[in-house]
Every structure is written in C-alpha cells, then in structure tokens.
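A.B. asks: Turn this into a structure:
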Amino acid sequence: MPKATVLIVDDEKNILSTLSRALRIEDYEADVAGSALIALEKIRTKAYDAVIVDVMMPEMDGITMLRRLRADGHDMPVIVMSGHGTIDTALEATRLGARDFIEKPIASERLLLSLEHALQLTRLEAENEELRERTGFADGLIGDSPPMRQLKEQVRLAASANAPVLVMGERGTGKELVARAIHEGSKRAERGSYEKLNCAAVPAELIESELFGHEAGAFTGATKQRRGKFERASGGTLFLDEVGDMPSPMQAKLLRVLQEGELERVGGSDLLTIDVRVVAATNKPLQKEIEEGRFRADLFDRLNVVPLRVPPLRERSEDIPVLASHFLRQACKNNDRRGKSLTEGAMNLLCRYDYPGNVRELRNLLERVVILSPGEQITESDARALLPIAGGGGGGGGGYYRPGTALRSMMEEVERDLITRALEHHGGHATNTAADLGLERSHLYKKMKSLGIKRE
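C.D. replies: Numbering: from 1, shown residues only. Here you go, the predicted structure:
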C-alpha cells in the first residue's frame, strides 16, 4: 500500500512530471493539478495526506489557496515552494500553517525529506491528541492482584504476535485499555496508528463507510472521498468495540476483509490491500449470540484466535486501594482541587462495594467525591453520603423510596439487595456473609428464607 497520497500543485507541467515521478518511486501515491482552482476541486472529492503547492500561479496563488484550505477546515500538511521566495512570503506561509517553504529549483531529496518530516509531525500531533483524550488510561493496566498479573502477562504475549484478539469482559472493566496496551506493546505502534470504532454507536447504514471508507458520490451526503478506519490504521491496530452489536450483513463483509486482507471503499471498485491487526471487544456472551443466530460462528472463530478475559473489579478487590488512590489524584488534578486523601474508613467503604460498573464506576465515584466533599480529607461519612452503597444517598432514581409503597415492602427490598450483594461478595459463603453483616448464621438463614433468597 502507498505510503501516503500527495497532491502536487503547479502551473509548470515539467515540475508536475518531475516531482510526481520522484514521489511514485518512493511509493507515494501522487496526484497533480495545474492550478489552485483545479486542486481545490480535487481536494473536495478526495482525501489527501499532504499538499505541495507553488506560490506563483495564475488565477490563484499558492498562499491564497493555502488560506482557502484552512478556512474550509482542511488540516493536512502543506509544503510551499517558490522560485521567487521572499522572507515575507515564507513568513505568511508559516503563519497559515505551512509545514515547510522550499525554494526552486527543487531538489528531489530535499522535497522527499521535507514531506517525510511533515507527515511524521502530523502523525505525532494526532498521537498526542489521542493521548490527551485518554485521561484516566495513560498509566497502563493498574493493579497487582493475581488476576491482573495474569492479564498483563497475556497482554505482553499477545502484543508480540499479529493474530486477531478478542477481549471479553463486563462493562467498565477496561477492555479498550487492554486493546491499547496490546497495540502500544507491539511493533505496530512504530509502523501505524491505533484506530477504534464502537460498533454499537454507529448507525447500521453507516458502519460500512466508517470501516471501509467511501468514494465521492457513493451515497447522499458523500461529497468527497473518505478513508475508513481500516485504511487509517494501515500498519497498526483497529479496535472494534462492542463487536457483538455489529449488524449481521456487516459481519459477513468484515469476515471477508479479515480473510482476504483486501477491501473496496463504498462506491468504489479498486481493491485496496490492508495490513491491520484487529482487536475486538464485547461484553456479550458471543456463544449465546451464535446459538440465537445474532452472530456468525465463522466470524467468532476468526476473531477469537487469542481470547483474553478482563476480570471484573469484584474478582480483584485487592486492587481497589491503588486504583482509588490513582483516580483520586487524577480527579483532583482534572477538577482544580487541592490534594485530597481518603481516611481509612472511607477506603474500607470503597472496598466493600461490588461495583457493577467496574473500574469505570470507581473512577466516576472518586471524581464525584472529590468535587462534592468539602474538606481535604474524605471521610467515611463523606463517602457514604455520596456513594450508592448501603444506606448512601447517591443511588440513582431516588434510592429505594417509591411513593405509595409501604415501608415494610421497601425495607424488604433493601434487605434483600444487601444480603444478595454480600453473598455475591463472599462467593455464597454463608458464615463469612453473616459475620460481615453482624448476624448469627441462623438469623441470616431465616432472613434469606423469608426474603426468598436462594444461594447459588
């Protein structure tokens, strides 16, 4: 696959011929335009990774074209060249965001080096932006419990390979973090980018275009060529989140691309060879989805070459203190709060909760506590008032109170919920559950019987 697609703009045909030939020898895909107006029309219908433009041209000069590009929201790197270079022209080009200003006659080696640096800088800027968006996930897989040590070792081994990976786990466990760790620990991190697509968040009629890209005019609203996630991830990793929600027709098309390593943009006929590693994730039991006809068995087999399971937080509760401390520091920094600390009682309260939303819920809870607690020390009463834990006021939907419902019924609901949660926390062990709740074991059994609780 070509390194990148570059548009060369100049009114001199011999310049266009010489530069396009030099770029193609180096495996770039080179298009040419004899004027700025032709170039702007090409850019409206096709995506370019970079533009090389001459300053002195009839109808519209290169500086004006650069100004038009930026005004229209195009942010690809632009290299300006001129046979009549002046300091003022170079400064104006730089002010408008040109990556480089090269004087004619153009030496091919100088232009190729400038183009390589411009594309590399653009990639680094995109990666830095991605890192800024990853607040809460930059420090890697946190925790040293046995399940986390096992997961880290599996991630390390998976990163060294090229096979597809299927990451399974409940919501909020950090499946995307695992996917990122696999990419960043692989050689692909040096060759390509990390792209992601949430299959549940994209409308069914647009998911093919998101993955494979489209040509101009492929459908209503497709006014220009657009690269899909597979092309943008060339050489790198594509993360397909919530792959269990992918529409059935798209599953067949994805399988074909994974098997053949080729794709066509929507509305196009050219076959594009791709080199992308796919990491997929799901919180659905895909075997059940297969049995009920909602997921293809052959696609599952293709994705499930390296299966990884991310443990829920309740299975690694010993990691809660280090996670809580990490998220606490992060929440203070992100919300302009002075450093806060958790008292032993507050930390114990956090450790007793089972977190149905897993690590994501813990992070959100710590941010809520940081924002709403008044003192520098977060006490047990601060936490209890804000968290959806036994008796706390932070539960959604108004807690257990329902207007018109008898107190006895609501109290039974509270007790049933607390005992069920405690049993789950202790793996169904009645003696430990009773001790944790401060009950005699016989009293616990009576409660369970009266509330209709069966031990799994």
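A.B. asks: tell me which element residue 219 falls in.
C.D. replies: For residue 219, there is no host helix or strand (DSSP states H and E).
A.B. asks: is it true that it touches residue 208?
C.D. replies: No - checked against C-beta atoms under 8 Å, the pair residue 219 and residue 208 is beyond contact range at 10.0 Å. Glycine gets a C-beta too; all of them are placed from N, C-alpha and C.
A.B. asks: got any residues that touch both of the two?
C.D. replies: Both residue 219 and residue 208 are in contact with residue 266, where contact means C-beta atoms under 8 Å, 6 or more residues apart in numbering.
A.B. asks: Tell me how the protein divides into domains.
C.D. replies: In the domain annotation for the chain, the residue ranges read 5-131, 146-309, 315-397, 401-451 (automatic domain parsing).
A.B. asks: Dump the ones you listed into a markdown table; add mean pLDDT as well.
C.D. replies: Formatted as a markdown table, the domains of the chain follow (pLDDT from 0 to 100):
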| stretch | mean pLDDT |
| --- | --- |
| domain 5-131 | 90 |
| domain 146-309 | 93 |
| domain 315-397 | 82 |
| domain 401-451 | 79 |
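A.B. asks: can I get those domains in CSV with mean neighbour count?
C.D. replies: Converted to CSV, the domains of the chain look like this (neighbours: other C-beta atoms under 10 Å):
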stretch, mean neighbour count
domain 5-131, 17
domain 146-309, 18
domain 315-397, 17
domain 401-451, 14
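A.B. asks: What is the neighbour count of the closest residue to residue 355 other than its chain neighbours?
C.D. replies: What sits nearest to residue 355 in space, not counting adjacent residues and going by C-beta to C-beta, 6 or more residues apart in numbering, is residue 313, at 4.5 Å. Counted by other C-beta atoms under 10 Å, the residues lying close to residue 313 total 25.
A.B. asks: got a list of what residue 313 touches?
C.D. replies: Neighbouring residues of residue 313 by C-beta under 8 Å, 6+ apart: 173, 319-320, 323, 354-355, 358-359, 362.
A.B. asks: A strand includes residue 144, no?
C.D. replies: No - Residue 144 is assigned coil when assessed by DSSP: H, G, I helix; E, B strand; the rest coil, not a strand.
A.B. asks: Test my guess that it contacts residue 316.
C.D. replies: No - using C-beta under 8 Å, residue 144 is not in contact with residue 316; the gap is 9.3 Å.
A.B. asks: all helices for the stretch 351-456 of the chain, in order.
C.D. replies: Along the stretch 351-456 of the chain, counting by DSSP state H, counting those that start in this stretch, helices occupy 358-372, 380-386, 407-425, 430-437, 441-451.
A.B. asks: how about the ones you listed in TSV, adding distance to residue 296?
C.D. replies: As requested, the helices of the stretch 351-456 of the chain are exported to TSV (distance: least, C-beta to C-beta, whole Å):
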stretch	distance to residue 296
helix 358-372	28
helix 380-386	45
helix 407-425	34
helix 430-437	42
helix 441-451	43
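A.B. asks: So which of the ones you listed is nearest residue 269?
C.D. replies: Closest to residue 269 of these is helix 358-372 (C-beta to C-beta; 43.1 Å).
A.B. asks: Can you give the contact residues for that closest one?
C.D. replies: Helix 358-372 is contacted by residues 136, 170-174, 312-313, 320, 323-324, 327-328, 330-332, 334-335, 337, 340, 350, 355, 357, 378, 382-383, 386-387, 394 when judged by C-beta under 8 Å, 6+ apart.
A.B. asks: So which of the residues you listed belong to helices?
C.D. replies: 320, 323-324, 327-328, 330-332, 334, 350, 382-383, 386 (DSSP state H).
A.B. asks: Which helix runs longest in the chain?
C.D. replies: Taking DSSP H as the criterion, the chain has its longest helix at helix 108-133.
A.B. asks: Which neighbouring elements make contact with it?
C.D. replies: Applying 3 or more C-beta pairs under 8 Å, 6 or more residues apart in numbering; DSSP states H and E, we find helix 108-133 packed against helix 13-25, strand 50-54, strand 78-82, strand 100-103.
A.B. asks: can you list those in TSV and add distance to residue 180?
C.D. replies: Formatted as TSV, the helices and strands packed on helix 108-133 follow (distance: least, C-beta to C-beta, whole Å):
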stretch	distance to residue 180
helix 13-25	33
strand 50-54	27
strand 78-82	31
strand 100-103	32
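A.B. asks: Quick one: closest of the ones you listed to residue 239.
C.D. replies: Nearest to residue 239, of all these, is strand 50-54, at 26.2 Å by C-beta to C-beta.
A.B. asks: Which residue, neighbours along the chain excluded, lies closest to the residue nearest to the spatial centre of the chain?
C.D. replies: Residue closest to the average C-alpha location in the chain (C-alpha atoms, centre = their mean): residue 196, at 5.0 Å. Of all residues not flanking residue 196 in the chain, residue 239 sits nearest, at 4.1 Å (C-beta to C-beta, 6+ apart).
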